[in-house]
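Colleague: coords below, sequence missing:
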């Protein structure tokens, strides 16, 4: 019998601090292990995506966030890893709490990074989120 594969849905939060630094986590697990990523996670059955991103950020980095807007949706397709995710990313800000690694089994490190000096390598979703963020800024200057 042939294995049926379906895309999954994962969410992310593009969180900037007052210095305009982006919060990233260094992934321990596949897909894209040892890559820096915006924090987030998978949508559970019967959970809406906005609730998911709030829940996942609290679980991963211990803060409560306020969602400001949808930044982008990434088609996160990695054929070599047999991975296919559809990933809404939300521009968000910390509402309450202090960032810490709440999932050391999944996250190697956490850091705030200047938008001009990103660590490498970055996940596909993080690259797309940055691209959309900068495109949006360019559009505001016109």
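Modeller: Perfect, thanks for sending it. Everything numeric here is computed off the predicted structure, so don't read it as measured data. Numbers count the residues shown, from 1 in each chain.
Colleague: Give the burial count for residue 11, as a bare number.
Modeller: 29 (other CB atoms under 10 Å). The C-beta positions use only the backbone N, C-alpha and C, and glycine is treated the same way.
Colleague: What helices and strands are in contact with the helix or strand of the chain with the lowest mean pLDDT?
Modeller: Within the chain, judged by mean pLDDT, DSSP states H and E, the helix or strand with the poorest mean is helix 124-141; its value is a mean of 88. Other helices and strands packing on helix 124-141, by 3 or more CB pairs under 8 Å, 6 or more residues apart in numbering; DSSP states H and E, are strand 8-15, strand 36-37, strand 64-78, strand 83-96.
Colleague: Just the angle for that helix relative to strand 64-78, thanks.
Modeller: On the basis of axes from the mean of the first three to the mean of the last three CA atoms, to 10 degrees, helix 124-141 is oriented at 110 degrees to strand 64-78.
Colleague: Residues contacting helix 124-141, please?
Modeller: For helix 124-141, contacts defined as CB atoms under 8 Å, 6 or more residues apart in numbering pick out 10, 12, 14, 22, 24, 32, 35-38, 40, 71-72, 74, 76, 78, 85, 87, 89, 91, 115, 118, 122.
Colleague: What residues sit buried inside it?
Modeller: Within helix 124-141, the residues that count as buried by 16 or more other CB atoms under 10 Å are 124-126, 128-130, 132-133.
Colleague: Also stretch 113-125?
Modeller: Applying 16+ other CB under 10 Å to stretch 113-125 flags 122-125 as buried.
Colleague: so where's this protein shaky on pLDDT?
Modeller: Applying pLDDT under 70 to the chain flags the ranges 1-4, 141-142.
Colleague: hmm, try it at 90
Modeller: Within the chain, the segments meeting pLDDT under 90 span 1-6, 30-31, 76-83, 136-142.
Colleague: about what we covered before: can you list the buried residues of stretch 113-125 in a markdown table and add distance to residue 63?
Modeller: Output for those, formatted as a markdown table (distance: CB to CB, whole Å):
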| residue | distance to residue 63 |
| --- | --- |
| 122 | 21 |
| 123 | 20 |
| 124 | 24 |
| 125 | 20 |
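Colleague: quick one, the least confident helix or strand of the chain and strand 83-96 angle?
Modeller: Going by the same axes, to 10 degrees, helix 124-141 makes 60 degrees with strand 83-96.
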